[in-house]
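Participant: sequence and predicted structure below; questions after.
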Amino acid sequence: MQRTSGAGQDQAPRPGSGAPDTAALEAVFDAAVAADERIEPRDWMPDAYRRTLVRQMAQHAHSEIIGMQPEANWITRAPSLRRKAILMAKVQDEAGHGLYLYSAAETLGTGRDELLDKLHSGRQKYSSIFNYPTLTWADVGAIGWLVDGAAITNQVPLCRCSYGPYARAMIRICKEESFHQRQGYELLLALSRGTEAQHAMAQDAVNRWWWPSLMMFGPPDDESAHSAQSMAWKIKRHSNDELRQRFVDICVPQAESLGLTLPDPELTWNEERGHYDFGPIDWAEFRQVLAGQGPCNDQRITQRRRAHEEGSWVREAAAAHARKHSGVRTEGEAAA
Ligand code: 3HC
């Protein structure tokens with residue numbers, strides 16, 4: 001049986017219609033996932049698979065566009081033209097990532113307006129990390145090194161996600177995130193090797209961003225509501241704790257090269273496990289941030305809503321332009 005259901009989307013064929021039944025379609029879907037094939041928009045897929053993808057991709061897209069705020073805060077205060085140009089490019093990249101991801105979510109039948117509405121009304125989440133303030137210029141470096149570094153660790157496996165449009169969007173996103181991570185590392189290295197005050201500023205930023213970066217990977221595996229099913233569907237390839245451990249293992253030697261210390265006295269190499277042990281994460285803080293009570297939750301969402309309202313004329317103009325070129329005119333335009 002072919003995977004593409006003529007019906008498209010997620011409608012199960014009607015019994016007796018001569019079309020394959022849901023169990024048969026599900027078997028084809030399961031076989032495709034097991035064979036590591038990509039599920040494409042016109043393929044039949046279980047409703048729950050579609051919902052999970054929309055949930056994760058929306059949360060991811062929202063994180064990209066909200067993530068523009070903490071760093072954009074520093075564009076006007078970048079210490080040189082070179083740093084300003086890099087930061088502007090990076091913030092623009094994040095907007096682009098949001099667009100790829102909203103477009104990928106649209107292939108599942110969920111429009112951007114609906115997703116943005118859910119973000120603005122608090123019905124969908126964005127990453128906890130963006131609810132922390134950027135207090136000094138060194139925070140731009142710490143975000144690049146740690147936040148983008150954590151994002152890459154989490155997102156490289158998503159390039160092999162079972163859903164084709166998401167996997168393909170992630171390939172380009174990861175290439176750009178890799179540039180973001182390197183610019184952050186290079187910025188921190190310059191500060192770390194600079195004056196005593198610059199070194200202290202870099203260390204302070206790392207101290208503040210380290211633990212929230214570890215929280216980006218989500219709750220521990222035994223509390224992760226979605227991981228088991230998402231891994232069975234090959235949306236996620238690794239568990240939250242596996243990726244968190246991978247990130248810690250990558251960061252320890254990088255911190256040494258930077259001449260900076262990670263703020264965890266319990267960080268030690270465990271010969272038996274072949275990994276670094278690390279101290280306990282403050283999950284109460286994580287839950288608080290997710291509940292909307294982080295240091296900047298209100299500020300971020302207020303700014304996002306304002307930006308959306310202020311951008312309404314751009315959306316209207318773009319829609320009018322598209323209509324004009326499609327030859328379809330509204331009544332008002334036809335009368336004018
Ligand atoms: N911040 C906010 N919410 C989080 C979170 C975090 N750090 N970690 C988990 N959650 C939420 C989940 O969304 C889920 O809530 P929901 O049921 O309302 O959707 C709940 O906590 C339970 O967590 P699970 O572990 O069961 O959820 P997932 O299986 O979806 O795993 C995830 C969470 C690892 C974040 C996964 O969704 C994922 O890999 N998402 C794609 C990557 C992504 O969203 N990245 C955002 C990071 S920032 C970024 O990419 C911008 C870049 O420029 C830095």
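Facilitator: Thanks, I have it.

Participant: ok, the residue nearest the centre of the chain - contacts?
Facilitator: With distances taken as C-alpha atoms, centre = their mean, the chain has His60 as the residue nearest its mean C-alpha position (3.4 Å). His60 sits next to Leu101 when contact means C-beta atoms under 8 Å, 6 or more residues apart in numbering. C-beta: built from backbone N, CA, C; applies to glycine.

Participant: may I ask which helix or strand encompasses it?
Facilitator: helix 47-66 (DSSP states H and E).

Participant: hmm, that helix in reach of the ligand?
Facilitator: Yes: counting by C-beta under 6 Å from any ligand atom, contacts between helix 47-66 and the ligand involve 55-56, 59-60, 63-64.

Participant: after that helix, which helix or strand is next?
Facilitator: Counting by DSSP H and E, the next helix or strand C-terminal to helix 47-66 is helix 68-72.

Participant: would you tell me what the next helix or strand after that following helix is?
Facilitator: Next helix or strand after helix 68-72 toward the C-terminus (DSSP H and E): helix 81-106.

Participant: by neighbour count, which of the residues of helix 47-66 next to the ligand wins?
Facilitator: Using other C-beta atoms under 10 Å as the neighbour criterion, His60 leads those with 26 neighbours.

Participant: now the helix holding His60 and helix 81-106, what's the angle there?
Facilitator: 160 degrees (axes from the mean of the first three to the mean of the last three C-alpha atoms, to 10 degrees).

Participant: any idea how far helix 47-66 is from the chain center?
Facilitator: From the chain centre to the centre of helix 47-66 is a distance of 9 Å (C-alpha atoms, centre = their mean, to the nearest Å).

Participant: tell me the mean pLDDT over that helix?
Facilitator: Across helix 47-66, pLDDT averages out at 98.

Participant: what comes up buried for it?
Facilitator: Buried residues in helix 47-66, counted by 16 or more other C-beta atoms under 10 Å: 49-50, 52-66.

Participant: now stretch 288-301
Facilitator: For stretch 288-301, by 16+ other C-beta under 10 Å, it's 288-290, 294, 296-297, 300-301.

Participant: overlap between these and the residues near the ligand?
Facilitator: Applying C-beta under 6 Å from any ligand atom to the buried residues of stretch 288-301, one finds that Leu290 fall near the ligand.

Participant: now flag whichever of the buried residues of stretch 288-301 is closest to the ligand.
Facilitator: Leu290 (5.4 Å; C-beta to the nearest ligand atom).

Participant: shaky segments in the stretch 201-336 of the chain?
Facilitator: Low-confidence segments of the stretch 201-336 of the chain (pLDDT under 70): 329-330, 332-336.

Participant: flag every residue of it that's near the ligand.
Facilitator: Proximity of the stretch 201-336 of the chain to the ligand, by C-beta under 6 Å from any ligand atom, involves residues 215-219, 224-227, 230, 236, 240, 290.

Participant: now, of those residues, which are buried?
Facilitator: Taking 16+ other C-beta under 10 Å as the criterion, what is buried in these is 215-219, 224, 227, 230, 236, 240, 290.

Participant: all good on my end, thank you.
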